[in-house]
Structures are given as C-alpha cells and as structure tokens.
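1. I'll drop the sequence and a predicted model, then ask my questions.
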Amino acid sequence: MKRAIVFTGGGTAGHVTVNLALMPRFLRDGWDVHYIGSERGIERELVAGVPQVTYHGIATGKLRRYMDWNNAKDPFRVVKGVWQAYRLMAAIRPGVVFSKGGFVSVPVVAGAWLNRIPSIIHESDFTPGLANKLSIPMATKVCTTFQDTAKHLPPNKAVHVGAVVREELFRGEAVRGLAMCDFVRTKPVLLVMGGSLGSQRINRAIREELDALTETFQIVHLCGKGNADPSASTRSYRQFEYVTDELPDLLAAADVVVSRAGSNSIFEFLALKKPMLLIPLPLAQSRGDQIANAESFRERGVAEVLPEETLTGETFLRAVRELYENRARYVEAMEREPKREPLQQLYDLILEAAGTG
C-alpha cells in the first residue's frame, strides 16, 4: 500500500509555495499526494499545475479581527470544513499532514488531530498568524523561517529550518526574461511585485513617476489581476497581471526588486541575491506581519524599507534610485548570510513524523 501525505494551505500564493516545493519530492519517492484546500481559492489553481496530486475542496471561513456580517456565517463554514476534513482523513489515512497556513488549514489540522494523524506546520512570518495560532496546539511540530519566531511557540514544538526556496527559481535565465519583455541588456531591470492580488498604492506610485523611472530602468510590473493599464505600456515598461512559470526568468533578468514583504518572496530574493525595496502591508490592512518581516531584513542589512504610509510617486522614485546606487552593499550583506538546507530538513521532519524517517 502506498504511503500517503496530505498538504494544506491557501488564501494567497504565499501559503502554497512551500507545498509546491515539497510535493515533487514525495511524488518522486512514490507517495500518494493529496491537497486539501478551499473550494475556489488560489491554491486550487496553483496545485493544478502539479501532476498526480489529488485536490480536495472543503468549506472554509475567514477569522476576522474586524466587524463584518460574514463573521456570523463563517463559524458554520469552519465547522463544516472540520467535518469534511475529518472524513477525508479517515478515507485517505495519510501518515502525516503538512500545513503551510491560511484559514483553510485550520479545519485540516483539526481533522488530522481528531484522526490522531501527526501534522507539521510551517510558519513563514516573524510572528505566527491567527490560523497557525489556532492550529499549533493540535500540531506535532512547528517549523519556522525566522530563528526568533521560536520565542512565540511552545519550546517542545519549535524547529528552526530557515526559508524554503523553490528549486526552479535557481534555473531562471536572464536571456529568456529579457526576451519575454523585449528588453535590452544595456539598461538595468527593475522588477516590481505587489503580491498575488496586486497593490493599488504601489501601482499608482509607479505610474505617477513612470517617465522618470524609465529614464534609468526597464520595468517589469506584476500589477495584480485586473490592474493592468494598457495606456501606460511603453518600450521600457511591461505589465503582467500575474506570472507563474515565467517568474524565474524575470527574477534572473532583474537587477533590483520592489515588493511587498511576504516572507516567502523576500527569502527568495535573498537566496537569489537581489537587492530589494520592501513596502510592507500597513497595519490597517494586516496584523503587522509584513512590517516585522521587513524590519528584520532591514536590520540584517539585506533590504531597504519604504512604509506605505509615506509612499508617493516621489518617495518611490527616490527610494528605488538609492536602492540601485547602493546595490553592491546589499549583495555583500546577502553573501554573509548563513547557508542552510531547509527543504531537506523539512522533508526529514515530515518523514520522522510519519514514522518512516
């Protein structure tokens, strides 16, 4: 009988990327790989690109810290999701569950716990999110990206593994990235990413100073679904709502990067040694996790930070120019970062939890 594993995580691309890095390893080793996500979330689309993975959609609700009429209905969706996950676990009988977080993961970890199936959680951010906080008491181990995250976790469960970076990102080719955008080699490339959903504030700041920016840079702008502005496109400014397979090539072509401060993305830039300007989600739109992530990178000397509260076209232009002028300093700091093998360590921990290590 084939060994089985269940992956979960969703809501944003960041809650799926580590799973995408791990799943091919288990498939190569002959495991029966399943994914439990939301019925219509972004994770369904992303996982569809991995052959041989069986996807199961369940009901899920968002646990909000603010007043919303959906708060009255979502607890019932969560309960339904727990029941669905419980039944799936009983049918699949996986040896272990690996959770990347997001609200869909809570019913899955609960369903595993009710079936006495071990679960491993991966926490990317500097401090645990609400979904993972709810799941941690039911989990076997909690793997962290930032070393200091262990201070927020039970000592017997915390394991620092570092950042998991998808192997395919290292296979990107600058020539393909330049050709995709019809760019030339002789002018530096600025890659701007607003997250999987895009950022209206970042999009507006770029377009306000587009003429000044394109005097120095060729710009690749990942602007989010429905946020492209065809009237703004020029020879030196290329917009894409979202990319997947093309991202390694675009990163290879980039000289500097502007991004939100989601943990997965910024550790990918660090591994690729891309100088980065981080514009974290403000407290008005988040619990402050991206602010903590960005500040940690700034203190390590591997990134510069521009708070969204001070983001304008003018401050954006100035910050990008300073980032590019000082790019060698950031690369030197990145070179000093300790080398780790988090993917292998995660793989070994999962095998151990499943009783096959």
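-> That came in fine, so what should we check first?

2. what number of residues lie near Thr12?
-> 18 (other CB atoms under 10 Å). All C-beta atoms are positioned from the backbone trio N, CA, C, and that covers glycine.

3. distance of it from Leu130?
-> Computed as CB to CB, to the nearest Å, the Thr12 to Leu130 distance reads 14 Å.

4. please apply the same query to Arg25.
-> As judged by CB to CB, Arg25 and Leu130 stand 29 Å apart.

5. do Phe26 as well
-> From Phe26 to Leu130 the distance is 28 Å (CB to CB).

6. give me the more crowded residue out of these two.
-> Higher neighbour count among Phe26 and Leu130: Phe26, with 21 against 15, using other CB under 10 Å.

7. so how far is Ala354 from the more buried one?
-> Applying CB to CB, the value for Phe26 to Ala354 is 10 Å.

8. residues touching the residue found closest to Lys157 once you drop the neighbours it is linked to in the chain, list them.
-> Nearest residue to Lys157, sequence neighbours excluded (CB to CB, 6 or more residues apart in numbering): Val142, at 4.9 Å. Counting by CB atoms under 8 Å, 6 or more residues apart in numbering, Val142 touches 120-123, 128, 132, 136, 153-154, 157-159.

9. and the host helix or strand of Gly111, what does it pack onto?
-> In the assignment (DSSP states H and E), Gly111 maps to helix 105-114. For helix 105-114, the contact count by 3 or more CB pairs under 8 Å, 6 or more residues apart in numbering; DSSP states H and E identifies strand 4-8, helix 74-92, strand 96-99, strand 119-123, helix 130-135 as packing neighbours.

10. quick one: it to chain centroid distance?
-> Here helix 105-114 is found 22 Å from its chain centre; the criterion is CA atoms, centre = their mean, to the nearest Å.

11. try stretch 109-117
-> Relative to the centre of its chain, stretch 109-117 is centred 25 Å away, using CA atoms, centre = their mean.

12. and the pLDDT for Glu123?
-> Note on Glu123: pLDDT of 92.

13. and what of the one 5 residues further on?
-> The predicted structure scores Pro128 at 89 on the pLDDT scale.

14. swap in the one 10 residues further on?
-> Predicted confidence (pLDDT) at Met138: the value is 97.

15. can you name the residues that contact it?
-> 109-110, 112-113, 119.

16. which PyMOL command selects the buried ones in those?
-> Buried residues among the contacts of Met138 (16 or more other CB atoms under 10 Å), as a PyMOL selection:
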select buried, resi 109+110+112+113+119
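
17. got JSON lines for the contacts of Met138, with distance to Pro342 too?
-> Formatted as JSON lines, the contacts of Met138 follow (distance: CB to CB, whole Å):
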{"residue": "Val109", "distance to Pro342": "21"}
{"residue": "Ala110", "distance to Pro342": "26"}
{"residue": "Ala112", "distance to Pro342": "23"}
{"residue": "Trp113", "distance to Pro342": "25"}
{"residue": "Ser119", "distance to Pro342": "18"}
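
18. most widely separated two among the contacts of Met138?
-> The distance between the two most remote of those (CB to CB) is 9.4 Å, for Ala110 and Ser119.

19. overlap in contacts, the two.
-> If you check Ala110 and Ser119 against CB under 8 Å, 6+ apart, the residues they both contact are 135, 138.

20. all helices of the stretch 251-357 of the chain, in order?
-> Ranges of helices in the stretch 251-357 of the chain, per DSSP state H, counting those that start in this stretch, are 263-272, 289-299, 313-325, 327-335, 342-354.

21. need the ones you listed in JSON lines (columns: mean neighbour count and mean pLDDT).
-> Listed next are the helices of the stretch 251-357 of the chain as JSON lines, based on neighbours: other CB atoms under 10 Å; pLDDT from 0 to 100:
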{"stretch": "helix 263-272", "mean neighbour count": "22", "mean pLDDT": "93"}
{"stretch": "helix 289-299", "mean neighbour count": "21", "mean pLDDT": "94"}
{"stretch": "helix 313-325", "mean neighbour count": "17", "mean pLDDT": "97"}
{"stretch": "helix 327-335", "mean neighbour count": "15", "mean pLDDT": "97"}
{"stretch": "helix 342-354", "mean neighbour count": "19", "mean pLDDT": "93"}
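
22. closest to Val184 out of these?
-> Distance to Val184, taken as CB to CB, is lowest for helix 313-325 among the helices of the stretch 251-357 of the chain, at 16.9 Å.

23. and the contacts of that closest one?
-> Outside helix 313-325, the residues within contact range by CB under 8 Å, 6+ apart are 188, 190, 202, 204-209, 212-213, 216-217, 255-256, 258, 275-277, 304, 306, 330.
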